[in-house]
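Chemist: Structure of the sequence below:
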Amino acid sequence: MKCSSVLAWLVALACAWAAHAMAAPSTKILVVTTAMGYRHGSIETAEQVIAALGKSSGAYEVELAAVAATDNPGAASFQEQVKATLARTLSRDALKRYRGIVFVNTTGELPLPDKEAFIQWVRDGGAFIGIHSASDTLHGYRPYIEMLGGEFDYHREQVLIEAINRDASHPANRHLPMSWDLDGQKEEIYILKNFQQGRVRELIVLDRHPNSGAPGSFPISWCRDFGNGRVFYTALGHNEQVWQMPAFQQHVLGGIEWALGLK
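Modeler: Now for the predicted structure:
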């Protein structure tokens, strides 16, 4: 084979591999924002931010499991729409399409088509990311709460905070200072119950009650291994303004990338 032919063959091969790499789908995650209880006004912003972070980083692509807001969430038509959306995206077979599932400001008893299959999917190597009121979801299904590692109890008025960065080596925290005041932005801070402190890796905490100032340990964000899977949770994300903060966006992206095993 002549040198020119060999060179042409190598160039063609390189182009083919490049085209294949460009055409190859990125890691797909499902972003679930359906709410059976209170619906956060920041949901649409959260959907846009998570999709944009995936696109700009190249880490993942987003499929959305969402149902438009309604003035009557108790209506049978809304309930059926939610049920159909989750049946299409979270059935045992549908779960095989995703590397990660993100519950963003979900609330209430979501009608998952197969709760056991969902928990097993995480245990078998899936990535679960919970944001804000993901801890105020599926209270009636204890395996979900146990997987997450903590459960919403209550909140009071929005406040300014001084959060402690417990793990500056974690991808969700590397960019944060050791004491983070959310850039002076007020946020709704959850008080949690059934927190599995010994089974999780704490990332962000408060050393005093956000409203009363009483000393203690109040978790904000954590991660954990769950079987062969990974779980990341942050209680931040109530306010639209928080979603627009670069520091919070990087916190979310780092948590997603860690859960997916990319970092």
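Chemist: Specify the beta-bridge partners of the nearest residue to I29 once chain neighbours are set aside.
Modeler: In space, and not counting its chain neighbours, I29 is closest to G100: 3.9 Å by Cβ to Cβ, 6 or more residues apart in numbering. No exception for glycine: its C-beta is placed from N, CA and C like everyone else's. G100 has these beta-bridge partners by DSSP bridges: I29, A127.
Chemist: which residues touch G100?
Modeler: Counting by Cβ atoms under 8 Å, 6 or more residues apart in numbering, G100 touches T27, I29, L30, Y60, G126, A127, F128, I129, I256, A259, L260.
Chemist: The fifth one and Y98 touch, don't they?
Modeler: Yes: using Cβ atoms under 8 Å as the test, G126 is close enough to Y98 to be in contact (7.4 Å).
Chemist: Have a look at the two and say which one is more surrounded.
Modeler: Taking neighbours as other Cβ atoms under 10 Å, G126 and Y98 compare with G126 leading, 24 against 19.
Chemist: least confident pick among the contacts of G100?
Modeler: Within the set of the contacts of G100, pLDDT is lowest for T27 (92).
Chemist: Can you give me the neighbour number for that one?
Modeler: Neighbours of T27 (other Cβ under 10 Å): 18.
Chemist: who's in contact with D183?
Modeler: With Cβ under 8 Å, 6+ apart, D183 has these contacts: M245, A247.
Chemist: Around F78, how many other residues sit close by?
Modeler: Around F78 there are 18 residues (other Cβ under 10 Å).
Chemist: quick one: it is in a helix?
Modeler: Yes: F78: assigned to a helix according to DSSP: H, G, I helix; E, B strand; the rest coil.
Chemist: give me the number of residues near the residue nearest to it when sequence neighbours are not counted?
Modeler: Distance criterion Cβ to Cβ, 6+ apart; nearest residue to F78, sequence neighbours excluded, is T70 at 4.9 Å. Neighbourhood size, T70 [other Cβ under 10 Å]: 14.
Chemist: Q79 is in contact with T70, correct?
Modeler: No: T70 is beyond contact range of Q79, at 10.1 Å (criterion: Cβ under 8 Å).
Chemist: Make sure I have this right: the residue nearest to F78 is in a strand.
Modeler: No: going by three-state DSSP, the assignment for T70 is coil, not a strand.
Chemist: ok, now how distant is it from S77?
Modeler: 8 Å (Cβ to Cβ, to the nearest Å).
Chemist: State the pLDDT value of the residue nearest to F78.
Modeler: 84.
Chemist: got the buried residues for stretch 151-171?
Modeler: Residues of stretch 151-171 classed as buried by neighbour count (16 or more other Cβ atoms under 10 Å): E151, F152, H155, I161, A163, I164, N165, R166, D167, H170, P171.
Chemist: Can you pick out the most distant pair from those residues?
Modeler: Within those, H155 and P171 form the most distant pair, 27.0 Å apart (Cβ to Cβ).
Chemist: Look up which helix or strand V205 falls in, please.
Modeler: strand 201-208 (DSSP states H and E).
Chemist: Report the next helix or strand after that strand in sequence order.
Modeler: strand 215-226.
Chemist: tell me what the helix or strand just after that next one is packed against?
Modeler: Following strand 215-226 in sequence order, the next helix or strand is strand 229-234 (DSSP H and E). When contacts are defined as 3 or more Cβ pairs under 8 Å, 6 or more residues apart in numbering; DSSP states H and E, strand 229-234 packs onto helix 115-123, strand 127-131, helix 142-148, strand 215-226, helix 246-259.
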